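Chemist: Model the structure of this input:
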Amino acid sequence: MHHKNGHVLIVEDELINATVIEHQLRKLGYSVAGMATSGEEALELAQRTKPDVVLMDIQLEGQMDGVETAITIREKLDVPVVYLTGTSDEQTMERARVTEAYGYLHKPFQERDVHSTLQLALYKAEMEARVRDERKWFATTLRHITDAVIVADATGAVKLVNWAAERLTGWKDAEAVDRDLSEVFNVLDPETRMPAECALTRLLHSQLETGIKSSKVLVCRNGTETAVQESAVSITTDSGDISGLLVVFREFDGAL
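Modeler: Alright, predicted model coming up:
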C-alpha cells in the first residue's frame, strides 16, 4: 500500500547515499518502491513497482547514466523524475534540463528540501495529467458530434477537424493540422462570390462574446461547392485574450 505522500523509486549507485535517502523518505511519510543502482535496474523496477516519482542520481555508472535513464522512464512509463546531483558540470546539467526534469536536489540536502521538491514534482505531474485528460476529452467530444467542427489557434492554424468537417471540406484532420484556416475552411460570400473574410479576423474585429453567424458557400478541396450555415466563436483566456477559434457549420438549405 502506497503512503499518502507518494511512492518513490530511488536510483543511486552509492549504497550508503541510497540508504540515507530511504531513511529520510520513510521518516517523511513516503513509501519506497525500491532502490536501483543502475539505469537498467531502475527501468525494470519502475515497470514492476509503478512509482509516483523517481529520485534519479544524475551521474549513474554503467551503460545508461541518469539523464538517459530519466528519458527512457518518462517515455515508457510517464513517471516524473527528480534529479539528485552533486555535480556542477554544465554539460551534464544542460542535458538534464532538456529532459524536462520535475526538480533537482543538490547533495547534500535537507529533509525539508526533499519533501518540498517531491511534493512540487508530484503536483506538477498531476496537473499535466489533468490537462492531457481534459484535452483528450475535449477532442473526443468534438470529433464525434454531428455538426462539422474546425478548431484553430490564435494565429489561424488549424488544430482539429472532426469527421463531419472532413466530409464537407474534403480535408482529412491529419492533412489539415497546422494549415491556415482559410485554406481548409475555404468560403465565399454567397452574393458577391468573393472570398469571405476569415472567421478569426471577423471575430477579432467584431469583439462579440457570443460569436458570429452567417451563410457561406464552402468550396470543397476538390472544387465542389456547398451552401453552409456557419457559427464561429472565439476561445479566450481568463484575461480575455483570444487563444483560439471554434468554427461550427452545417449544410444550409435556406431555412434558419
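
Chemist: Give me the distance from the one helix or strand Thr141 maps to to the chain's centre.
Modeler: In this assignment (DSSP states H and E), Thr141 forms part of helix 111-144. Averaging C-alpha positions (CA atoms, centre = their mean, to the nearest Å) puts helix 111-144 9 Å from its chain's average.

Chemist: for that helix, which positions count as buried?
Modeler: For helix 111-144, a neighbour-count test (16 or more other CB atoms under 10 Å) marks Val114, His115, Thr117, Leu118, Ala121, Leu122, Ala125, Leu142, Arg143 as buried. For the C-beta atoms, the positions are set from N, CA and C on the backbone; glycine is no exception.

Chemist: Tabulate the residues you listed in JSON lines, adding columns for distance to Leu77 and pLDDT.
Modeler: Output for those, formatted as JSON lines (distance: CB to CB, whole Å; pLDDT from 0 to 100):
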{"residue": "Val114", "distance to Leu77": "22", "pLDDT": "85"}
{"residue": "His115", "distance to Leu77": "23", "pLDDT": "87"}
{"residue": "Thr117", "distance to Leu77": "20", "pLDDT": "88"}
{"residue": "Leu118", "distance to Leu77": "17", "pLDDT": "89"}
{"residue": "Ala121", "distance to Leu77": "15", "pLDDT": "87"}
{"residue": "Leu122", "distance to Leu77": "15", "pLDDT": "88"}
{"residue": "Ala125", "distance to Leu77": "12", "pLDDT": "85"}
{"residue": "Leu142", "distance to Leu77": "29", "pLDDT": "74"}
{"residue": "Arg143", "distance to Leu77": "28", "pLDDT": "72"}
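
Chemist: Just the closest of the residues you listed to Leu203, please.
Modeler: Nearest to Leu203, judged by CB to CB, of those is Leu142 at 18.2 Å.

Chemist: Tell me who's in contact with that closest one.
Modeler: Contact analysis of Leu142 by CB atoms under 8 Å, 6 or more residues apart in numbering lists Val149, Val151, Leu160, Asn162.

Chemist: Looking at those residues, spot the one nearest Thr72.
Modeler: For the contacts of Leu142, the closest approach to Thr72 (CB to CB) belongs to Leu160, at 30.7 Å.

Chemist: any idea how far that closest one lies from Leu245?
Modeler: Noted for Leu160: a distance of 11 Å to Leu245, by CB to CB, to the nearest Å.

Chemist: joint contacts of those two?
Modeler: Val151.

Chemist: Tell me the one of the buried residues of helix 111-144 nearest Thr192?
Modeler: Once CB to CB is applied, the member of the buried residues of helix 111-144 that ends up nearest Thr192 is Leu142, at 31.2 Å.

Chemist: follow-up on the earlier one: switch the contacts of Leu142 over to CSV; also include secondary structure, pLDDT and distance to Val53.
Modeler: Converted to CSV, those look like this (DSSP: H, G, I helix; E, B strand; the rest coil; pLDDT from 0 to 100; distance: CB to CB, whole Å):
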residue, secondary structure, pLDDT, distance to Val53
Val149, strand, 93, 38
Val151, strand, 92, 34
Leu160, strand, 91, 32
Asn162, coil, 92, 37
